[in-house]
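> below are the sequence and a predicted model; questions follow.
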Amino acid sequence: MRYIHVQQACRSMLIGATLVLPLTLLSACASSNTGSSLGTADANAQVQTNTSNEATQQTAQHTQNDTNSEKSFQEWLANFRRDAASEGISSQALSALDNVRYIERIVELDRHQPEFVRPIWDYLDGAVSRTRIANGKARLAEHRQTALEMQQRYGVPAEIIVAIWGIESDYGRNFGNFSTLSAFATLAYDGRRANFARTELLAALRIIDSGEITADEMIGSWAGAMGHTQFIPSSFESFAKDGDGDGRRDIWGSIPDVMASTANYLAEAGWQAGEPWGVEVTLPAGFDFTQTDRRSSSEWANQGIKAVQGNLPHFDSARVIVPAGAQGPAFMVGPNFNAILRYNNATSYALAVATLSDAIMDRPGIQQSWPRDQVPLTRAQVRELQEALNARGYSVGAADGIMGPNTRHGLRAFQRAQGLVPDGFATQSLLESIRGR
């Protein structure tokens, strides 16, 4: 229990939600209220003594726990080192593990899931801000020749390359300062994603073995994503390119390498040269929102779908998406939107990259309004929704608090059965409706 200063407690009682006031603190409040300075002083002294004793005990316990954790981690690391050697990692690369440390903060970040989910319109407001648009234009102007060279080489527009750079690291301002080796070692040891993290740690060591980057220079996010456009080690091995011809693939310090690697990733993900990512559209009255399959542009046009501005692009295969349900904007997206999703499989991310690239080129932004009056469900509420849908026979899988495709599919089925618009968008009113049934 954390104690706070007695006088502060008497004034406001602003303490932790589960904190129980100790007897000495209650006595001190009573003494203070009756004007007894001696009572307050005695209580303060008692609180300080209790605080000191408890702090000493907690420090000793934490020190012991930290010592045990570090010992266990070092034992795991020694076993990993032997396994890595047997898989061909050189002794020189393995020496980089000498400086690897278990980082508790990474575990905290990995396990933390915010209870309140940020709606897509708030995310886009930040991701495609005026400042980021202006900086994107400046970066494209600064590196135009390189960006156009990579566009010619890989078929990916220069503005898309720059937009991913902006979303991933704010054009290199923030690509993290964690050791990639320590990040993946910590995640592999922690166990939640052990196999994935172990695979990436081996890939990181192979990169060091290749001589393209030193362990000290290999830094990135807490999750192990590296450099200006946040490649994980296995993606680096598969997709990174030497854009400046110096014989190294340096996504930390060489902008030509960054742009070549990013463009190559998208090209390998199926980017179609000359095609747009998609277009904002209007939907006809009575549109069937359960249509989640892909159709050609002409097939969508036959249903009455129109571009908000201009004409529908020609797609042999396209989807219609409504990220905020029937009350928000609608988009027809083609193969290049799917390629962006290969970079980060979140509709909000892909839409941020797409609309930032448009803004960098002074193309119009999203014209239709977002339903900003809607309060998104918390994770606890999403779990409640999932449990209710499962109980009513709309199988959505485990109640994990995440609005994934299975949950949206089950929700659309429920909406249709109840005579509601089956857009798969969960709202507070919809949750209340399910609670009442």
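Great, that's in hand. Residues are numbered from 1 along each chain as shown.
> report how many residues lie close to Glu108.
The tally of other residues near Glu108 (other CB atoms under 10 Å) stands at 10. C-betas here are computed from N, CA, C, even on glycine.
> need the pLDDT of it.
We have a pLDDT of 92 for Glu108.
> Gln303: what's it in contact with?
Contacts for Gln303 (CB atoms under 8 Å, 6 or more residues apart in numbering) come out as Pro284, Phe287.
> low-confidence ranges in this structure?
The model of the chain has pLDDT under 70 over residues 1-68, 113, 437.
> element containing Ser182?
Counting by DSSP states H and E, the element that carries Ser182 is helix 180-190.
> after that helix, next one along is what?
Past helix 180-190, further along toward the C-terminus, the next helix or strand under DSSP H and E is helix 194-210.
> Tyr349 and Ile167 touch, don't they?
Yes: assessed by CB atoms under 8 Å, Tyr349 is found in contact with Ile167 at 6.9 Å.
> higher neighbour count, those two?
It is Ile167, of Tyr349 and Ile167, that has more neighbours when counted by other CB under 10 Å, with 24 against 18.
> list the contacts for that one?
Taking CB under 8 Å, 6+ apart, we find Ile167 in contact with Ala127, Tyr349, Ala352, Val353, Leu356.
> circling back: the helix holding Ser182 to helix 194-210, inter-axis angle?
In this structure, helix 180-190 runs at an angle of 150 degrees to helix 194-210, with axes from the mean of the first three to the mean of the last three CA atoms, to 10 degrees as the basis.
> now do helix 180-190: distance to the chain's middle.
Averaging C-alpha coordinates over helix 180-190 and over its chain gives two centres that are 18 Å apart (CA atoms, centre = their mean, to the nearest Å).
> show residues contacting it.
Against helix 180-190 from outside (CB under 8 Å, 6+ apart): 72-73, 76-77, 80, 96-97, 99-103, 106-107, 110, 193-194, 196-198, 200-201, 204-205, 215, 218-224, 226, 233.
> quick one: end-to-end length of stretch 234-251, please.
In terms of CA to CA, to the nearest Å, the two terminal residues of stretch 234-251 are separated by 14 Å.
> now stretch 207-225
14 Å.
> buried ones in that stretch?
Of the residues in stretch 207-225, 207-208, 212-213, 215, 218-225 count as buried by neighbour count, 16 or more other CB atoms under 10 Å.
> who's in contact with that stretch?
Contacts of stretch 207-225 from elsewhere in the structure, counted by CB under 8 Å, 6+ apart, are 89-90, 92-93, 96, 99, 103, 105-106, 109-110, 168, 175-181, 183-184, 187, 197, 200, 204, 226-227, 230-233, 236-237, 248-250, 252.
> can you do 7 Å?
Taking CB atoms under 7 Å, 6 or more residues apart in numbering as the criterion, the residues outside stretch 207-225 that touch it are 89-90, 93, 96, 106, 109, 175-181, 183-184, 200, 204, 226-227, 230-233, 236-237, 248-250, 252.
> could you export the helix holding Ser182 as PDB, CA atoms only?
Output for helix 180-190, consisting of C-alpha atoms alone and laid out as PDB, is shown next (Å, rounded to 0.1, in the frame of the first residue of the first chain):
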ATOM      1  CA  THR A 180      16.300  -5.000 -31.400                       C
ATOM      2  CA  LEU A 181      18.300  -8.000 -29.900                       C
ATOM      3  CA  SER A 182      17.100  -7.200 -26.300                       C
ATOM      4  CA  ALA A 183      13.600  -6.600 -27.500                       C
ATOM      5  CA  PHE A 184      13.200 -10.000 -29.200                       C
ATOM      6  CA  ALA A 185      15.200 -11.800 -26.500                       C
ATOM      7  CA  THR A 186      12.800 -10.400 -23.900                       C
ATOM      8  CA  LEU A 187       9.700 -11.300 -25.900                       C
ATOM      9  CA  ALA A 188      11.100 -14.800 -26.600                       C
ATOM     10  CA  TYR A 189      11.900 -15.400 -22.900                       C
ATOM     11  CA  ASP A 190       8.600 -14.000 -21.700                       C
END
